[in-house]
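K.L.:
Sequence and predicted structure below; questions after.
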Amino acid sequence: MREKSTEKKNKRVRQKYSKHQLRAKWGSTFFLIPSVAGASLFFFAPYIVVIYYSFLDNPIGKQFVAFRNYASVVKNSAFKQAVTNTGVFSAIAVPLAVLLSLLLALLLDNKIPFRTQFRSFLLSPMMVPVASIVLIWQVLFDYNGAINVLITRFGGAKIDWLKSSYAIVVIVILFLWKNIGYNMILFMAALSSVPQDIIEVARLESAGRFRIFFIIKLRYLVSTIVFVTIMSLINSFKIFREIYLLTTDYPYESIYMLQHFMNNKFKSLDYQTLSAAAVLMSLVMIVLIVLLFKAEEHFSKDLES
Amino acid sequence: MSIATLLTAVISLLFLMPIVLTITNSFMSPTEFTANYGAIFATTKSGGRQFVSELVNLKFIPDIVSFNQYGTVLFRSPEYLLKFWNSVILVVPIMLFQLAIAALAGYGFYRYKGKIRGVIFFAYIILMLMPYQVTLVPNYLVTSKLGILDTYWAIWLPGIFSPFSVYLITKYMNRIPVSCIEAAQIDGAGEWKVFTRICLPLCKGIIMSTGILVFIDYWNMVEQPLILLSDPEKYPLSVYLSKINSGEVSLAFAVATIYLIPTLLVFLYGEEYLVEGITYQGGVKQ
C-alpha cells in the first residue's frame, strides 16, 4: 500500500519534471537568441559571402571563376613568402614559448619567496599598450639602440636588428615576452592539479626531482601542453600587430607575414584574392583546432586509464 | 637564496622592465629625452635624423624628475585626453554588453541540449580563435552594408557579439550541478528566475574574470579602428598612440603611462580574477 503511494508520487513528480524539461528546452533557446543572432549577422553570414566572393571574378561583375582565385593566391610569390615566414616564425616561437613557460611554472611551483609578486611581474606584459611596446622595442633594438650600445661596449659589432635576418629574433623575443605569462598561468594551474599524495609516495621511494617530473607530473601536464601549444600557435598568428607598428607595411622580408599579405590586399581592394586567402587560412585554422580536440581527447583518456 | 629564486627574480624583472621604463621615462624633460634617445627618435624639420647623440642612453631614472610632459599632455594638447575618452566610449559598452549577452548565451548553452548545440558551440570556438585578418573581410562587408562604417557602431556591434565571453562563461556554467536547477524548478522557479537567482550569483567570479580579459583586449585594439574608422578624430588612444609622430615622441611615454593607468588598476585589483579567467580558458573542451 505504502509502496503504491510512493510510486504514484514518483510518477507525478516525473510528469511534472518532464514538463519542466520540455519548457526548459524551449525556454533556453530564448537565452541563446541574442548571441546567436548577433554572431550570425556579424560573423557567420558575411563569412559565407566571403566564401562566395572567393569564387567570383570580382564582386561587381560576379562572374564565376571556380578555383582561379585560389590558384592565383597559391602561385603568388608574396603569398608563398608570407606562408614560409609565418611557418618559420611559428616553428621557432611556439616550442620556445611552451618550453620556457613550463620551466617558469616549475620554478614558481617551488616554495620561493615573493612568489605572487614574480607571477604578477611575468603577467605584466599583457597590460602594456602595443604602442609603448613598440616604442620600447625601438629603444632597445634600433641600430643606435640600447642593445647595440651594450654590444659595442663589449667590443662587438653593431647589428642592424630590424633590417637584417636578425629581425626574426627581435620578433620572437617580443612574442615570448608577451605570451609567456599567460601560458605560465595555465601550466601553474595544471601543476597544482597533480595529486600531492602520489608525489609524496614517490618522494618516500626516494625518487629524484627529475624522475618525479618526467614520470608523474608530465602525465598530468600533457593535455595542458597540447592546449598551450595550440594557443601559442594561434597567438603567433596575431604577432602582426606589433610587427606592423614596428616596421609598417613592408618590413624586412623575413618578417613579412601572412597578415601583411592580407592587409596589403585589403588596401589595394583586391577582395577576391583576399577572400580566397582568408578562406584558405581559416581552413588551416579549423584543421588545427580539430587536431587540438582530438589530441586533448586522446591524452585525457590516457590519464584516466 | 636558492638558484630557483634568483633565476625567477632575474627573469621576472626582465619582464617587468618595459613597464618600468615607460613609467620612469615619462618623467623625463624633453631636453633630457632628446639627449638620451635623440639617436633614434629626433628628426629635423625636413624629416632627416638629427644627430644629437650617436647612441641611445637607456635610462631608468631621469636626472631631473619633470612633470613637463604630463603638463603638455593634460593641459596643453587636448587631443590626447579626447582620444582617451574615445577609448572609454569604445571599450566600456563592448565590455558590458558582451558580458550581458554572453551570460544569457552561457545559460542557454548550459540548458539547451538540442542536437545543434555542439555545432553552434564549435562554430563559436573556431570564430574565437580566428586571427583578425580572417574576420576582417566579413567584418568590413557587413559594416559597410549596414552603413555604419566610420561610426562607433562598426566597432561596438562586432565587439558585443564576439564569442569569447560566451565560451568562457559557458565553460564555467557547465560545472553547475543540474540538481541545483532541478531543486529550484521543483520549487516552481521559471527559467528566468533560475538564471537570475541561481546561475548569475554563482558566475559572479567568472564574469569578473571575463570582463577583465575583454577589457585588456579591447583597450589595446589597433586593427579594428584602423580599418573601420576613417576619421582620425574618432580613433581611440591605442591607435593614436601608435601614430604619434617623431616630433612628439618624448610625449609618448607620458601618454602611454596615462593609458596604462586603467589596466594597471584593473590588474592590481583583479589579478586573482584574471588568473582564474586564464585558468578557465585552459582545455578547450567544454
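P.N.:
Arrived safely. Residues are numbered from 1 along each chain as shown, chains lettered A, B, ... in the order given.
K.L.:
For the helix or strand bottoming out on mean pLDDT in chain B, buried residues please.
P.N.:
Ranking every helix and strand in chain B by mean pLDDT, DSSP states H and E puts helix B:30-41 at the bottom, with a mean of 76. By 16 or more other Cβ atoms under 10 Å in any protein chain shown, the buried positions in helix B:30-41 come out as B:32, B:33, B:34, B:35, B:36, B:37, B:38, B:39, B:40, B:41. Where you see a C-beta, it was placed from the backbone N, CA and C, and this is true even at glycine.
K.L.:
The second one is in contact with residue B:27, isn't it?
P.N.:
Read that as residue B:33. No. Counting by Cβ atoms under 8 Å, residue B:33 sits too far from residue B:27 to count as a contact (10.2 Å).
K.L.:
For the helix or strand hosting residue A:89, enumerate the helices and strands it packs against.
P.N.:
Following DSSP states H and E, the helix or strand that holds residue A:89 is helix A:77-109. Helix A:77-109 sits against helix A:115-123, helix A:167-192, helix A:218-236, helix A:258-267, helix B:3-25, with contacts defined as 3 or more Cβ pairs under 8 Å, 6 or more residues apart in numbering or on different chains; DSSP states H and E.
K.L.:
in the stretch 151-300 of chain A, what spans have low per-residue confidence?
P.N.:
Filtered on pLDDT under 70, the stretch 151-300 of chain A yields the residue ranges A:249, A:300.
K.L.:
interface residues of it facing chain B?
P.N.:
Counting by Cβ under 8 Å from any Cβ of the partner chain, the residues of the stretch 151-300 of chain A close to chain B are A:152, A:177, A:180-182, A:185-186, A:189-190, A:223-224, A:227, A:230-231, A:234, A:237-238, A:240-241, A:245, A:258-259, A:262-263, A:266, A:271, A:274-275, A:278, A:281-282, A:285-286, A:289, A:292-293, A:296-297, A:300.
K.L.:
For residue 69, which residues are in contact?
P.N.:
Let's take chain A. Under the criterion of Cβ atoms under 8 Å, 6 or more residues apart in numbering or on different chains, the neighbours of residue A:69 are A:54, A:55, A:56, A:272, A:273, A:275, A:276.
K.L.:
hmm, I had chain B in mind actually
P.N.:
For residue B:69, the contacting residues are B:26, B:27, B:28, B:29, B:30, B:250, B:251, B:253, B:254, by Cβ under 8 Å, 6+ apart.
K.L.:
Apart from its neighbours in sequence, what residue is nearest it?
P.N.:
In space, and not counting its chain neighbours, residue B:69 is closest to residue B:254: 3.7 Å by Cβ to Cβ, 6 or more residues apart in numbering or on different chains.
K.L.:
what's the spacing between the one you found and residue B:277?
P.N.:
As judged by Cβ to Cβ, to the nearest Å, residue B:254 and residue B:277 stand 30 Å apart.
K.L.:
again with residue B:190
P.N.:
30 Å.
K.L.:
Between the two, tell me which one has more neighbours.
P.N.:
residue B:277 (24 against 13; other Cβ atoms under 10 Å in any protein chain shown).
K.L.:
didn't the more buried one look like it was pressed against residue B:171?
P.N.:
No. Using Cβ under 8 Å, residue B:277 makes no contact with residue B:171, being 10.7 Å away.
K.L.:
Show me the domain layout of chain A.
P.N.:
A:1-53, A:76-304 (automatic domain parsing).
K.L.:
Looking at the ones you listed, which one is packed in the most?
P.N.:
Of all the domains of chain A, domain A:76-304 carries the top mean neighbour count, a mean of 18, counting by mean count of other Cβ atoms under 10 Å in any protein chain shown.
K.L.:
who's in contact with stretch A:41-59?
P.N.:
A:62-67, A:69-70, A:271-272, A:275-276, A:278-279, A:282, B:123, B:127, B:135, B:137-139, B:141-142, B:157-158, B:161, B:163.
K.L.:
What mean pLDDT does it get?
P.N.:
Throughout stretch A:41-59, pLDDT has a mean value of 87.
K.L.:
Run the chain-centre distance for that stretch.
P.N.:
On the basis of Cα atoms, centre = their mean, to the nearest Å, stretch A:41-59 is displaced by 25 Å from the centre of the chain it belongs to.
K.L.:
measure the residue of the stretch 151-286 of chain B found nearest chain A to residue B:102 for me?
P.N.:
Residue nearest to chain A within the stretch 151-286 of chain B: residue B:161 (3.2 Å; Cβ to the nearest Cβ). The gap separating residue B:161 from residue B:102 is 9 Å, by Cβ to Cβ.
K.L.:
Would you mind listing the residues touching both of the two?
P.N.:
Residues touching both residue B:161 and residue B:102 by Cβ under 8 Å, 6+ apart: residue A:35.
K.L.:
So if I had to pick from these two, which one is more boxed in?
P.N.:
residue B:102 (28 against 25).
K.L.:
Distance-wise, check residue A:294 relative to residue A:287.
P.N.:
Going from residue A:294 to residue A:287 by Cβ to Cβ gives 11 Å.
K.L.:
Where does the record place the domain boundaries for chain B?
P.N.:
With automatic domain parsing as the reference, chain B has domains B:3-66, B:76-281.
K.L.:
and among these, the most buried is which?
P.N.:
domain B:76-281 comes out most buried of the domains of chain B by mean count of other Cβ under 10 Å, with a mean of 19.
K.L.:
circling back: so the residue nearest to residue B:69 is in which element?
P.N.:
helix B:249-281.
K.L.:
Ok, residue A:73 next?
P.N.:
Going by DSSP H and E, residue A:73 is in helix A:68-75.
K.L.:
Same check on residue B:100?
P.N.:
helix B:78-111.
K.L.:
for the record, mean pLDDT for that helix?
P.N.:
93.
K.L.:
For whatever helix or strand comes next after that helix, what is the distance to the chain centroid?
P.N.:
Remark: after helix B:78-111, the chain's next helix or strand is helix B:117-129, criterion DSSP H and E. Counting by Cα atoms, centre = their mean, helix B:117-129 is centred 22 Å from the centre of its parent chain.
K.L.:
try stretch B:137-152
P.N.:
Centre to centre, stretch against its chain (Cα atoms, centre = their mean), the figure for stretch B:137-152 is 22 Å.
K.L.:
Quote the end-to-end distance of it.
P.N.:
18 Å (Cα to Cα, to the nearest Å).
K.L.:
How about the secondary structure of residue A:250?
P.N.:
coil (DSSP: H, G, I helix; E, B strand; the rest coil).
K.L.:
Sounds good, over and out.
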